[in-house]
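Novice: Just a sequence and a predicted model for now, questions to come.
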Amino acid sequence: MSNMRNDHGGHPRPDDAQVIVELSGVHKEFGDTRALGGVDLRIRAGEAVAVMGPSGCGKSTLLNMVAGLDRPTSGTVRVHGQDLGQLNETGLALFRRRHIGMIFQFFNLIDDLPALDNVALAAQLTGTTARQARRRALELLDELGVAHRRDTYPAALSGGERQRVGVARALMNRPALLLADEPTGALDSRSGEQVMDLLIDLNQIGQTLLIVTHDPNLATRCASRLVEVADGRVARERSLDEPDESDERDQSAESDQPGRPGRPGRPVQSHQPGRPDQPDRPERLDTAAAVRSDEPARLEPSA
């Protein structure tokens, strides 16, 4: 999948790539409260975009719009070529299952199902046989380092293990778009670092990401573009492959610190021997296999 990498740490920046997400003039009101006030946003295939802003600014509402979990008061939301406003609730549910993977801050696993069944269920809901779904689920759990916990129920898993199971579930149907809502917010620092590594790996082999977070470290490490939201509007957008003015002012202070390729002046903690740009973890995850299984990752046509 080298054709989806570039010279900036593997993040694709194809100006002519397929538009996966397009919001046009999106407004959302809850009674007298305006949550979104005319949002325009485009995300192309292979991008990793982080949305940041203070609590109550509208970033979670924006994510819900893209996921088809809520509808705009006005404006249009298109995902993977589909105008979500043209789908009824059943159609939205089917579209999400086929084309969108979601990673939640608090995991949202089913307490009464062991890890393997939590992951396999995502495929079974799309019509995949139980045998095929369980085989794919086990492959993903193995790639993510938690296959040995396949028969364990969520309550007995650590936070990091639960989030890895959640990531496996999100990847189960090879989604065109992966949404992550504060994916490290409920994790300890080490588990959070491992989840960040995983998101980086996924994007480097072509997975399109939209991440909502309060954590600037997560945003700058995992995304190639930052969207700052304030008062229900996009206040600022900028590439993270280039330093902004404040970065330039601090350039001399940061020049001696290691940074990710293509991210001048953005130091990254280094722990893993022989890998200066990634934090320590038990082993390198083969996320290319996690996404593609036996075939290259691809975008499926809309239903």
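Specialist: Sure, I can see it.

Novice: Can you show me the strands along this protein?
Specialist: 19-30, 33-44, 48-52, 74-79, 82-83, 100-103, 177-181, 208-212, 225-230, 233-239 (DSSP state E).

Novice: mind listing what the first one pairs with, with the direction of each?
Specialist: The pairing partners recorded for strand 19-30 under DSSP bridges are strand 33-44 (antiparallel), strand 74-79 (antiparallel).

Novice: That one - what's its average pLDDT?
Specialist: Rounded to a whole number, the mean pLDDT of strand 19-30 is 97.

Novice: That strand versus strand 177-181: what angle between them?
Specialist: Angle of strand 19-30 versus strand 177-181, following axes from the mean of the first three to the mean of the last three C-alpha atoms, to 10 degrees, is 40 degrees.

Novice: same deal with the fourth one?
Specialist: Our comparison of strand 74-79 with strand 177-181, counting by the same axes, to 10 degrees, yields an angle of 120 degrees.

Novice: pull the CA atoms of strand 74-79 into PDB?
Specialist: C-alpha atoms of strand 74-79 as PDB (Å, rounded to 0.1, in the frame of the first residue of the first chain):
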ATOM      1  CA  SER A  74     -30.200  22.700   7.700                       C
ATOM      2  CA  GLY A  75     -27.300  22.000   5.400                       C
ATOM      3  CA  THR A  76     -26.100  18.700   3.900                       C
ATOM      4  CA  VAL A  77     -23.800  16.000   5.100                       C
ATOM      5  CA  ARG A  78     -22.300  13.600   2.600                       C
ATOM      6  CA  VAL A  79     -20.200  10.600   3.600                       C
END
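
Novice: Okay, residue 193 and residue 221: tell me how far apart.
Specialist: 9 Å (C-beta to C-beta, to the nearest Å). In short, each C-beta sits where N, CA and C put it, glycine included.

Novice: So between those two, which is more surrounded?
Specialist: Comparing residue 193 with residue 221 by other C-beta atoms under 10 Å, the one with more neighbours is residue 221, at 25 against 22.

Novice: what's near enough to touch the residue nearest to that one when sequence neighbours are not counted?
Specialist: Distance criterion C-beta to C-beta, 6 or more residues apart in numbering; nearest residue to residue 221, sequence neighbours excluded, is residue 196 at 5.6 Å. By C-beta atoms under 8 Å, 6 or more residues apart in numbering, the residues touching residue 196 are 184, 217, 218, 221, 222, 279.

Novice: Looking at the residues you listed, which is nearest residue 101?
Specialist: Taking C-beta to C-beta as the measure, residue 101 lies nearest residue 222 of the contacts of residue 196, at 15.2 Å.

Novice: I'd guessed that closest one sits against residue 47; true?
Specialist: No. Counting by C-beta atoms under 8 Å, residue 222 stays clear of residue 47, with 11.6 Å between them.

Novice: Between these two, which contacts overlap?
Specialist: With C-beta under 8 Å, 6+ apart as the test, residue 222 and residue 47 both reach residue 209.

Novice: Those two - which one has more neighbours?
Specialist: residue 222 (27 against 23).

Novice: List the residues that contact the more buried one.
Specialist: When contacts are counted by C-beta under 8 Å, 6+ apart, residue 222 is found next to 48, 50, 196, 199, 200, 203, 209, 211.

Novice: And residue 141, by the same measure?
Specialist: Per C-beta under 8 Å, 6+ apart, neighbours of residue 141: 115, 116, 119, 147, 149, 150, 164, 165, 168.

Novice: Could you measure from the closest residue in space to it that isn't next to it in sequence over to residue 165?
Specialist: Counting by C-beta to C-beta, 6+ apart, residue 141 lies nearest to residue 147, which is 4.4 Å off, once chain neighbours are set aside. As judged by C-beta to C-beta, residue 147 and residue 165 stand 11 Å apart.

Novice: which one of those two has more residues nearby?
Specialist: Of the pair residue 147 and residue 165, residue 165 is the one with more neighbours under other C-beta under 10 Å, namely 27 against 16.

Novice: how near is the nearest residue to the more buried one once chain neighbours are set aside to residue 152?
Specialist: What sits nearest to residue 165 in space, not counting adjacent residues and going by C-beta to C-beta, 6+ apart, is residue 115, at 4.7 Å. Distance, residue 115 to residue 152, by C-beta to C-beta: 6 Å.
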